[in-house]
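S.K.: this one's sequence-less:
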């Protein structure tokens, strides 16, 4: 033991270097009016055995403000370091542990693994986030491209909702089993459609066109015709068969009004310049289908057409989709034509300035293409 007078002011700096059974001690003991004491002044047998180069070997534990140290280094008080602190296999504070494989807080309350997985209530999370218990979800107002994929609880409608990058949709519809009903918001109102499975594509489809009031009861059932969209536009009211008309092209993806935009000049598109990404998949900028649903590709439409019993309107209506002769609106002047005489359904697939679509009538069914300013039917498919 080193004994210092009570009147002494002692500054002791101990740097502990973790080696195998060896601790290096450098003491700077200062008494006013006296000389500094060096590490070599410590006598062998007082602190430990001098093994050279200022190193001393301690057979037992070292205590700082601790008379009976229980570990190799037992400190009562704080430890301050101006650089990194390196531990061997684990760093432990109370019931929390930090090792090379994971961070564990308060036992298993929160675990972060070295592979970036977070577990709450579990010590071995199998996904990026695994929670053993209930999750409370709050509310949020903003839904845009930056918040796409966000889930919220709407305390007004008492619903879980998902942001698809543009709108909030009821989350339940994403987990729909084919054959179940799906409820979503369309043209500002809550609507419920059925769903049907088609073996031709192995996909689940809505049982009617967007805007239709019921499943078709005949090929020319006007209540099953639904609305007529210009390719790439939102559900903004322009798709109503009697919507107003404007000749002013839109320079943005969202025109900001409910008029049908006529485009008599090349490339016959309501938007200038054109944008090919408006209806591409569930994350299409203006996808009019609810969350988890999208516009079908032309290959999906062609698979459906190829499975029909007849390549005409009879085969279209006899299919699981019950397709009808919906008619169309001209891109030149917006007039309505062909109700009960032709069926035209948009795909999401572009072809230069054109768009591929499914068309059928009395004596044929074809995959062809039209200008984007035409008004055609939309049937949603589950992604």
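M.R.: That came in fine, so what should we check first? Keep in mind that this is a model prediction, so the values were computed, not measured. Numbering: from 1, shown residues only.
S.K.: Might you report the residue contacts of the residue positioned nearest the centre of the chain?
M.R.: The centre of the chain sits closest to residue 149, judged by CA atoms, centre = their mean, with a distance of 3.7 Å. Neighbouring residues of residue 149 by CB atoms under 8 Å, 6 or more residues apart in numbering: 162, 163. C-betas here are computed from N, CA, C, even on glycine.
S.K.: One more: residue 250?
M.R.: Residue 250 makes contact with 256, 261, 270, 271, 272, according to CB under 8 Å, 6+ apart.
S.K.: Now the second one: closest residue in space, sequence neighbours ignored.
M.R.: To tie it back to what came earlier, the one meant is residue 261. residue 270 (3.7 Å; CB to CB, 6 or more residues apart in numbering).
S.K.: I'd like the distance between the one you found and residue 192.
M.R.: According to CB to CB, to the nearest Å, residue 270 and residue 192 sit 30 Å apart.
S.K.: Looking at the two, which one has more neighbours?
M.R.: residue 270 (25 against 8; other CB atoms under 10 Å).
S.K.: Go ahead and confirm that one touches residue 236.
M.R.: No - Residue 270 is beyond contact range of residue 236, at 11.5 Å (criterion: CB atoms under 8 Å).
S.K.: which neighbours do these two share?
M.R.: Common neighbours of residue 270 and residue 236, using CB under 8 Å, 6+ apart, are residue 255.
S.K.: From the contacts of residue 250, keep the buried residues only.
M.R.: Among those, those scoring as buried are 261, 270, 271 (criterion: 16 or more other CB atoms under 10 Å).
S.K.: Look up phi and psi at the last one.
M.R.: For residue 271, the backbone dihedrals are phi -110, psi 140 (criterion: degrees, to the nearest 10).
S.K.: And the first one, by the same measure?
M.R.: Its backbone dihedrals place residue 261 at phi -90, psi 110, with angles given as degrees, to the nearest 10.
S.K.: got the contact list for it?
M.R.: Neighbours of residue 261 in contact, by CB under 8 Å, 6+ apart: 230, 238, 245, 246, 247, 248, 249, 250, 255, 270, 373.
S.K.: Residue 382 bridge partners, please.
M.R.: residue 293 (DSSP bridges).
S.K.: you'd agree it is up against residue 180?
M.R.: No - here residue 382 does not reach residue 180: they are 10.9 Å apart, not a contact under CB under 8 Å.
S.K.: shared neighbours of those two, which are they?
M.R.: Residues touching both residue 382 and residue 180 (CB under 8 Å, 6+ apart): residue 195.
S.K.: The two: which has the busier surroundings?
M.R.: residue 382 (20 against 12).
S.K.: and the more buried one, what does it touch?
M.R.: The neighbours of residue 382, taking CB under 8 Å, 6+ apart as the test, are 176, 178, 195, 203, 204, 205, 292, 293.
S.K.: do that again at 7 Å, thanks
M.R.: Contact analysis of residue 382 by CB atoms under 7 Å, 6 or more residues apart in numbering lists 203, 204, 292, 293.
S.K.: ok, the buried ones among the contacts of residue 250 vs residue 311, which is closest?
M.R.: Distance to residue 311 across the buried ones among the contacts of residue 250 (CB to CB) is lowest for residue 270, with 31.2 Å.
S.K.: Test my guess that that closest one contacts residue 248.
M.R.: No - in this structure, residue 270 is not within contact of residue 248 by CB atoms under 7 Å, at 9.7 Å.
S.K.: measure residue 156 to residue 250 for me?
M.R.: Distance, residue 156 to residue 250, using CB to CB: 32 Å.
S.K.: for residue 221, same thing?
M.R.: Using CB to CB, residue 221 is found at 33 Å from residue 250.
S.K.: Now do the same for residue 101: its pLDDT.
M.R.: On the pLDDT scale, residue 101 is placed at 60.
S.K.: start at 381 instead
M.R.: With the count now opening at 381, the last piece we talked about shows up as residue 481.
S.K.: Make CSV from the contacts of residue 630 and add distance to residue 503 and pLDDT to it.
M.R.: As requested, these are exported to CSV (distance: CB to CB, whole Å; pLDDT from 0 to 100):
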residue, distance to residue 503, pLDDT
636, 53, 96
641, 59, 98
650, 56, 98
651, 54, 98
652, 58, 97
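S.K.: Turn these into a markdown table, columns for distance to residue 498.
M.R.: As requested, those are arranged in a markdown table below (distance: CB to CB, whole Å):
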| residue | distance to residue 498 |
| --- | --- |
| 636 | 42 |
| 641 | 48 |
| 650 | 46 |
| 651 | 43 |
| 652 | 47 |
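S.K.: Look at the residue lying closest to residue 721 once chain neighbours are set aside and give its secondary structure.
M.R.: Nearest non-adjacent residue to residue 721, counting by CB to CB, 6+ apart: residue 705, 5.8 Å away. Counting by DSSP: H, G, I helix; E, B strand; the rest coil, the backbone at residue 705 sits in coil.
S.K.: distance of residue 705 from residue 740?
M.R.: Applying CB to CB to residue 705 and residue 740 gives a distance of 8 Å.
S.K.: likewise residue 670?
M.R.: 26 Å.
S.K.: do residue 657 as well
M.R.: Taking CB to CB as the measure, residue 657 and residue 740 are separated by 28 Å.
S.K.: now residue 747
M.R.: Residue 747 is 10 Å from residue 740, by CB to CB.
S.K.: more neighbours, those two?
M.R.: Of the pair residue 747 and residue 740, residue 740 is the one with more neighbours under other CB under 10 Å, namely 25 against 16.
S.K.: Now do the end-to-end distance for stretch 562-574.
M.R.: With CA to CA, to the nearest Å as the measure, stretch 562-574 spans 6 Å from end to end.
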